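> prediction below, plus the sequence it came from.
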Amino acid sequence: MRQLQILATLAWRNLWRNHRRTIIMISAITIGVWAMIFMTALMRGMVNDMLRDGIQTLPGHVQIHHPAFRDDPSVNNLIPATRTALDGIFGDKGFEARASRVRVPAVITSERESRGVTLFGIDPVAEARITFVADDIAEGRNLEDEADSGIVIGRKLAEKLDTRLGKRVVLMSQDPDNEIADRGFRIVGIFDSDLDSNEETFVFAGRTTIQRMLGIGDRVTEVVFLAADYENVEPLYKRVSELAGPDVDVEPWYELDRYLSSMLKVMDGFVLVWIVVVFLALSFGLVNTLVMAVFERIREIGLMLALGMRPANILGQIVVESLLLLVIGLALGNAFAWMTVLPLKDGIDISSVAEGMEMMGASSVLYPDLQIRDVIMANIVVLALGFLASLSPAWRASRYQPVEAITKV
Amino acid sequence: MTAVRCIDLCRTYYQGDQAIKALDHVNLEIEEGGFVCLSAPSGGGKTTLLNAIGGLDRPDKGEVWIAGQRIDNLSKGELAKLRLHQIGFVFQAFNLIPVLTARENVEFVMQIQGVPAYKRGEQAKAILAEVGLQGLEDQRPADMSGGQQQRVAVARAIVSRPALVLADEPTANLDSHNADELMELFVELNQHHNTTFIIATHDQRVMAYAKRLIGMLDGRIVDDIQQQGA
């Protein structure tokens, strides 16, 4: 402890012997750390936005299906229990949000065109927090209740069908006996979506209306649950699995949408790579600073060795010096990153480049997401790699022969 | 008791292809409490001998014994420990750590030794007063004269009461007044604390203080004179 005290004193004072060099190095570390954290917050915000949009589009956080539904998402693979029975199992259990749906492939026909679509029979009230439609109605209105006889389609689909709000379309699908089931609907709402594909393929109608059209009584194809946070769905997944029993498949969102879950993993990897790359650029400056500091103090190092300081303590002194530089740079970098991100919490308007972003499912307002784990990772990486980078000059300093070092000119 | 014993010490340096015998079969014995001057012209081998005795350099051949312990075969760590606890050094220049104050420089050795802070502070203050630097404890080396810096170095060398003090040209950068004061301080410490002093010098005034004068030439001891009245 006493040794550490003298090492820290020497390291701290030696740092300020060459103010300019130290300030430049600290500035470089500060900017590097700021860039690591701020850019990570921006990227994290963008990916979060894409994930939330993706999850909110339909999957929710956990879903229940018939075991064969994912391979054959048709009316033949309904959940065995009726919706009323499902309400009995899952009702009043304090779930964040829950909705039962009918989802089947269908064909929609206007007076001019036909398109293959995915038809959702929904309860708009239960879906309000789960599905994007209610928030994204661009024309007309959303469905009012599960018995609503209207239909809501996407803007792109309306363009493809060459139809518009108020016009009638025909939906055609198959009933459980593989007979044609069809019905005419009036377009009561047109929605916009970040993803064109959503606008082209998703069609929403009242659940009981669709159940009647398909002749499936009170049965549904999927039940969707929402957790408080998409990154922490395990407790919800466990609870739903326990309640659902063995006759159905229960899957979390990252199983249902591999693209979204892989995006999260890629993001984690990318953040680490980004932090390491920035640090590598910094490390050249750091090592150079330490090498110069050691080179300028060879005689002093020789003197300390001659007086009885152990080589390990010389090594420790240089490492402590490096760590002090890093800690100051980290503290300032963290503070600047917080100060930069905080005023941007209401979002950054990136509409000038938003078209490209929207293609990836991100919105035109970017909300930086400063996550503690990213900050911790950046700090740990900088400290750990900084420690490793300082070992080389520190090792060299500790290997000097006292008599040679003292007489070095 | 013998403080220092060197047996058949040899040390050769190479400058290109040329071999320079810095120590050439040196045999030497110095009693505890001795006040010895090693005198030689430049390149005579006095600093090399001092470094070998202080464990700063290893001889190519021969043995070095300090207070009954053979040191030429010790590891780096063991030599560091020996220097820390048994030997005080005063060098010609670059004697102090520039970022530490006079008091901190004196405390430095004690701090490495693990002496508690309150004890260090007291001892450092007392020893600085003893070498005449009362009131200058918080000055940094850059703010002190050459003589004052050497005094701080002496204070640091003796503060933990080592049995042996090795001084290499301690007066080289001092004027005659400061040189005399420093030598009188050495003599006083030698007499009061029975500290053994080995001083490498070619300064005649310094030699005049020595009880024993060892002359070297080309790495060999050529004179060994006991001085009366020193």
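Happy to help now that I have it.
> leaving out the residues flanking it, which one is nearest to the residue of the stretch 251-400 of chain A found nearest chain B?
Closest approach between the stretch 251-400 of chain A and chain B, counting by Cβ to the nearest Cβ: residue A:308, at 2.6 Å. C-beta coordinates here come from the backbone N, C-alpha and C atoms, glycine included. Sequence neighbours aside, residue B:84 is the residue nearest to residue A:308 in space, at 2.6 Å (criterion: Cβ to Cβ, 6 or more residues apart in numbering or on different chains).
> quick one: contacts for the one you found?
Residue B:84 makes contact with A:307-309, B:109, B:112-113 under the criterion Cβ atoms under 8 Å, 6 or more residues apart in numbering or on different chains.
> show me which residues of the stretch 1-150 of chain A are close to chain B?
A:2-3, A:5-6, A:9-10, A:13-14, A:17 (Cβ under 8 Å from any Cβ of the partner chain).
> which of these fall within strands?
Within these, no residue falls in strands by DSSP state E.
> and residue A:142, how far from residue A:124?
6 Å (Cβ to Cβ, to the nearest Å).
> ignore the last one, residue A:19
66 Å.
> higher neighbour count, the two?
Ranked by neighbour count (other Cβ atoms under 10 Å in any protein chain shown), residue A:19 and residue A:124 place residue A:124 first, with 21 against 9.
> I'd assumed residue A:150 was in contact with the more buried one.
No. Distance between residue A:124 and residue A:150: 10.6 Å, which falls outside the contact criterion (Cβ atoms under 8 Å).
> anything in contact with each of the two?
A:143, A:206.
> could you look up the SS state of the residue nearest the centre of chain B?
In chain B, the centroid-proximal residue (Cα atoms, centre = their mean) is residue B:166; its distance is 1.5 Å. What DSSP: H, G, I helix; E, B strand; the rest coil gives for residue B:166 is strand.
> for the nearest residue to it once chain neighbours are set aside, give me its contacts.
Leaving aside its sequence neighbours, residue B:166 sits nearest to residue B:54 (Cβ to Cβ, 6+ apart; 4.8 Å). Neighbouring residues of residue B:54 by Cβ under 8 Å, 6+ apart: A:306, B:83, B:87, B:89, B:166.
> cool, residue B:202 as well?
B:39-42, B:169.
> apply 10 Å and report the result again.
Going by Cβ atoms under 10 Å, 6 or more residues apart in numbering or on different chains, residue B:202 touches B:37-42, B:44, B:46, B:169, B:172.
> so which of these sits lowest on pLDDT?
The weakest per-residue confidence within the contacts of residue B:202 falls on residue B:172 (79).
> what about that residue, neighbour count?
16.
> got it, and residue A:17?
For residue A:17, using other Cβ under 10 Å, the count is 13.
> leaving out chain neighbours, which residue sits closest to it?
Excluding its sequence neighbours, the residue lying closest to residue A:17 (Cβ to Cβ, 6+ apart) is residue B:99, at 6.4 Å.
> one more: residue A:272?
Leaving aside its sequence neighbours, residue A:272 sits nearest to residue A:377 (Cβ to Cβ, 6+ apart; 6.8 Å).
> after the helix or strand hosting that neighbour, heading C-terminal, what element do we hit next?
Residue A:377 is located in helix A:372-398, with elements delineated by DSSP states H and E. Scanning forward in sequence from helix A:372-398 by DSSP H and E, the next helix or strand is helix A:402-406.
> quick check, the residue in chain B closest to chain A?
Closest contact between chain B and chain A, by Cβ to the nearest Cβ, is at residue B:84 (2.6 Å).
> show me the shaky parts of chain B.
By pLDDT under 70, the low-scoring segments of chain B are B:94, B:229-230.
> same thing with the stretch 101-250 of chain A?
Checking the stretch 101-250 of chain A against pLDDT under 70 turns up A:134.
> all helices of it, in order?
A:124-127, A:155-161, A:196-201, A:207-214, A:234-244 (DSSP state H, counting those that start in this stretch).
> same thing with chain B?
B:46-53, B:76-86, B:102-113, B:117-130, B:146-158, B:176-193, B:204-207 (DSSP state H).
> any idea which of the ones you listed is most buried?
Comparing these by mean neighbour count (mean count of other Cβ atoms under 10 Å in any protein chain shown), helix B:46-53 ranks first with a mean of 26.
> could you count how many residues lie near residue 138?
Reading this off chain A. 14.
> my bad, chain B
10.
> got a list of what the residue nearest to it when sequence neighbours are not counted touches?
Once flanking residues are discounted, residue B:138 sits nearest to residue B:101: 4.9 Å by Cβ to Cβ, 6+ apart. By Cβ under 10 Å, 6+ apart, the contact set of residue B:101 is B:107, B:124, B:136-141, B:143-144, B:152.
> what's the answer for residue A:32, then?
Residue A:32 touches A:275, A:278-283, A:285-286, A:329-330, A:333, A:378, A:382, counting by Cβ under 10 Å, 6+ apart.
> what does residue B:65 give?
B:2-7, B:29, B:53, B:71-72.
> likewise residue B:32?
Taking Cβ under 10 Å, 6+ apart as the criterion, residue B:32 is in contact with B:1-4, B:67, B:163-164, B:194-196.
> just give me the closest of those to residue A:297.
Nearest to residue A:297 among the contacts of residue B:32, counting by Cβ to Cβ, is residue B:164 at 27.2 Å.
> what bridges to the closest one?
Going by DSSP bridges, residue B:164 is paired in beta bridges with residue B:87, residue B:196.
> which residues touch it?
When contacts are counted by Cβ under 10 Å, 6+ apart, residue B:164 touches B:3-4, B:30, B:32, B:34, B:53-54, B:66-67, B:86-89, B:157, B:195-198.
> just the buried residues of these.
Listed as buried from those are B:3-4, B:30, B:34, B:53-54, B:66-67, B:86-89, B:157, B:195-198; burial here means 16 or more other Cβ atoms under 10 Å in any protein chain shown.
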